[in-house]
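A.B. asks: any chance you can model this:
(one chain, ligands or ions: 1)
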Amino acid sequence: MQLHTKILLGLVIGAIAGVTSRLLFGEAPELLWVVDNVANPVGQVFLRMLFMIVVPLIFGSVTMGVASLGDLKKIGRIGGKAMGFFLMTTAAAATIGLTLVNVIGPGESLDPALRAQLLEQYSGEATERVGGGAVFGIQTFINIVPRNAVDSAARGDMLGLIFFSIVFGIALTQMAPERAKPIMDVLDSLVEVVTKIIGYAMKIAPYGVAGLIFSVTARFGADVLQSLAMYAGVVMLGLIIQLTGVIGVLAKFVVGIPYGVFFSRCRALMVTAFSTSSSNASLPANIRTAQEQFGVPKEVASFVLPLGATMNMNGTALFEGMTVLFLAQVFGVDLSLTSQIIVVVMSVVTAVGAAGVPGGSIPLLVLILETVGVPGEGIALILGVDRILDMSRTVPNVMGDQLTSLVVAKSEGLLPPQPFERDPAVIR
Ligand code: ASP
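C.D. replies: Here you go, the predicted structure:
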């Protein structure tokens, strides 16, 4: 059986087992024990295997990507194209989100008693998740340049690490080739080692995915979902539109890859994103998919995809825009057209700033809420369903990155002709 079929099977079995156990045993301590001592640990080991390699992967692959592109002009051109495309698709996503909430109005029907109850129930968690809150300003841009690259890597500040790696790669291209070669050889081997470890992680992926999904579904009470069904449903609808109506359509018309072929070859990637809720944890699968399924050259994949994992979050921008407007409706705050445009712009900017980890966008969401005058603690209302929405929005997040790598490779004339079977013989 092929690996992605196994991973998909892990997802389905884990979900069915989780939902059934929840229905049969409710909140029985034995079920919680199984979640805490069996399912979640297996899932966490898988997740940690992926997180464990993100720092060497980003450093090795971004540096090598930039260095192999060779000249500054080419690096700037590819980086510029990628970022332009990121911004376009993210803005489209935020606009779709806002339009849907305006049309459907899921916040208008929320019962005030339920609102009070949810606020009370989740306010503690909200304070914890938001932390000290996020500030946004000129400092945000200064912070992209790390004071200490090792510290950035240790804190999970991927933008800082990427900046360091890009500069490192550029410097390598400016040296005498015989002086640059030893380091390039080492980095080349480093990327190969990391790729091997990714192979190990992916071997346990079917079990890890099953464990993660089981933990979520077995813990997930349907009652919160019921009360927020309308909101969660509209967000899901938006994410599906972004994935199938924007990303899939662009893959077809801009890159020329038929719809079914595109999604079918990205199966393992989408399942990884869904089960880990993290763009960073999905980065290894993302690079692998670009190279092995579509033949995107290494230097493009390893430069564009790490950038995407950190900066390009279609699903997150859509979710943020929708949630701000939903909470505005719930609290009866009337947002003018100008405020709504501010929401779109801020959703795009904060989606760039959000970390590619589970729940990475929550602190930034509070920032947008407060900017447009919606109470920040309103976030407590949606936390009960955020886990499932987080898993879902991470799928368009990573698929947007995959699409960008294809578009950039194609525009550079570097994408090989695509065999149009759904499961290509591996193309390299
Ligand atoms: N979990 C998302 C990601 O990693 C970020 C977020 O929206 O919270 O892509």
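
A.B. asks: so which elements touch the helix or strand hosting Gly79?
C.D. replies: Here Gly79 sits within helix 72-104, counting by DSSP states H and E. Packing contacts for helix 72-104, counted by 3 or more C-beta pairs under 8 Å, 6 or more residues apart in numbering; DSSP states H and E, involve helix 40-69, helix 158-173, helix 229-240, helix 298-311, helix 314-330, helix 337-353, helix 379-411. Glycine gets a C-beta too; all of them are placed from N, C-alpha and C.

A.B. asks: buried stuff in it?
C.D. replies: Judged by neighbour count using 16 or more other C-beta atoms under 10 Å, the buried positions of helix 72-104 are 75, 78-79, 81-83, 85-87, 89-101, 104.

A.B. asks: C-terminal to that helix, what's the next element?
C.D. replies: Taking DSSP H and E, what comes next after helix 72-104 is helix 112-130.

A.B. asks: quick one: list the elements packing against that following helix.
C.D. replies: helix 222-227, helix 362-371, helix 379-411.

A.B. asks: that helix to helix 314-330, inter-axis angle?
C.D. replies: Between helix 112-130 and helix 314-330, the angle comes out at 140 degrees (axes from the mean of the first three to the mean of the last three C-alpha atoms, to 10 degrees).

A.B. asks: CA atoms only for helix 112-130 - export them in CSV, please.
C.D. replies: C-alpha atoms of helix 112-130 as CSV (Å, rounded to 0.1, in the frame of the first residue of the first chain):
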residue,chain,number,x,y,z
PRO,A,112,-27.2,36.5,24.0
ALA,A,113,-27.5,33.9,26.9
LEU,A,114,-25.2,31.6,24.9
ARG,A,115,-22.8,34.4,24.3
ALA,A,116,-22.5,35.1,28.0
GLN,A,117,-22.0,31.4,28.7
LEU,A,118,-19.3,30.9,26.1
LEU,A,119,-17.5,34.1,27.2
GLU,A,120,-17.4,32.9,30.8
GLN,A,121,-16.4,29.3,29.9
TYR,A,122,-13.5,30.2,27.7
SER,A,123,-12.3,33.6,29.0
GLY,A,124,-9.5,31.9,31.1
GLU,A,125,-8.2,30.0,28.1
ALA,A,126,-8.5,33.1,25.9
THR,A,127,-6.2,35.1,28.2
GLU,A,128,-3.7,32.2,28.3
ARG,A,129,-3.7,31.7,24.5
VAL,A,130,-3.4,35.4,23.7
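
A.B. asks: so what pLDDT did Asp423 get?
C.D. replies: Note for Asp423: predicted pLDDT of 63.

A.B. asks: also Gly133?
C.D. replies: Looking at Gly133, the pLDDT reads 54.

A.B. asks: now do Ile427
C.D. replies: 45.

A.B. asks: what does Asn143 give?
C.D. replies: Residue-level confidence at Asn143 comes out at 81, pLDDT.

A.B. asks: tell me which parts of the protein are close to the ligand?
C.D. replies: Contact residues, the chain versus the ligand (C-beta under 6 Å from any ligand atom): 277-279, 313, 316, 354, 356-361, 390, 393-394, 397.

A.B. asks: which of these tops the neighbour count?
C.D. replies: Highest neighbour count within those, by other C-beta atoms under 10 Å: Met313, with 35 neighbours.

A.B. asks: residues touching that one, list them.
C.D. replies: Thr90, Ser279, Ala351, Val352, Ala354, Gly356, Ser361, Arg393, Asn397, Gly400 (C-beta atoms under 8 Å, 6 or more residues apart in numbering).

A.B. asks: same check, this time on Thr272
C.D. replies: So Thr272 contacts Ile7, Ala205, Val209, Ala281, Ser282, Ala285, Val398 (C-beta under 8 Å, 6+ apart).

A.B. asks: so the nearest residue to Phe46 once chain neighbours are set aside is in which element?
C.D. replies: In this structure, Phe46 finds its nearest non-sequential neighbour in Gly208, 2.3 Å apart by C-beta to C-beta, 6 or more residues apart in numbering. Per DSSP H and E, Gly208 falls inside helix 177-219.

A.B. asks: averaged pLDDT, that helix. What do you get?
C.D. replies: Averaging pLDDT along helix 177-219 gives 91.

A.B. asks: before we move on, back to that, got the helices and strands packed on helix 72-104 as TSV, with mean pLDDT columns?
C.D. replies: Below are the helices and strands packed on helix 72-104 laid out as TSV (pLDDT from 0 to 100):
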stretch	mean pLDDT
helix 40-69	90
helix 158-173	91
helix 229-240	94
helix 298-311	92
helix 314-330	94
helix 337-353	89
helix 379-411	93
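
A.B. asks: for the residue of the stretch 151-300 of the chain found nearest the ligand, give me its contacts.
C.D. replies: Nearest to the ligand in the stretch 151-300 of the chain, going by C-beta to the nearest ligand atom, is Ser279, at a distance of 3.5 Å. Shown in contact with Ser279 (C-beta under 8 Å, 6+ apart): Ala273, Gly308, Ala309, Thr310, Met313, Gly356, Thr394, Asn397, Val398, Asp401.

A.B. asks: the fourth one against Gly156, yeah?
C.D. replies: No: with contact taken as C-beta atoms under 8 Å, Thr310 and Gly156 are classed as non-touching, separated by 10.4 Å.

A.B. asks: what residue of the chain is the furthest out?
C.D. replies: Glu178 (38.8 Å; C-alpha atoms, centre = their mean).

A.B. asks: tell me, how many residues neighbour the residue nearest to Ile197 when sequence neighbours are not counted?
C.D. replies: Using C-beta to C-beta, 6+ apart and skipping residues adjacent in sequence, the residue nearest Ile197 is Ile53, 5.3 Å away. Ile53 has 22 neighbours, counted by other C-beta under 10 Å.

A.B. asks: please verify my assumption that Ile53 contacts Ile198.
C.D. replies: Yes: under the criterion of C-beta under 8 Å, Ile53 is in contact with Ile198, at a separation of 6.4 Å.

A.B. asks: who touches both of the two?
C.D. replies: Listed as contacting both Ile53 and Ile198 by C-beta under 8 Å, 6+ apart are Pro284.

A.B. asks: coming back round to it: what angle do helix 158-173 and the helix holding Gly208 make with each other?
C.D. replies: 160 degrees.

A.B. asks: helix 177-219 vs helix 298-311, what angle?
C.D. replies: Taking the same axes, to 10 degrees, one finds that helix 177-219 is oriented at 50 degrees with respect to helix 298-311.

A.B. asks: between helix 177-219 and helix 379-411, how big is the angle?
C.D. replies: Using the same axes, to 10 degrees: helix 177-219 against helix 379-411 is 140 degrees.

A.B. asks: for helix 177-219, packing partners?
C.D. replies: Right, helix 177-219 is packed against helix 3-25, helix 29-34, helix 40-69, helix 158-173, helix 267-276, helix 279-288, helix 379-411 by 3+ C-beta pairs under 8 Å, 6+ apart.
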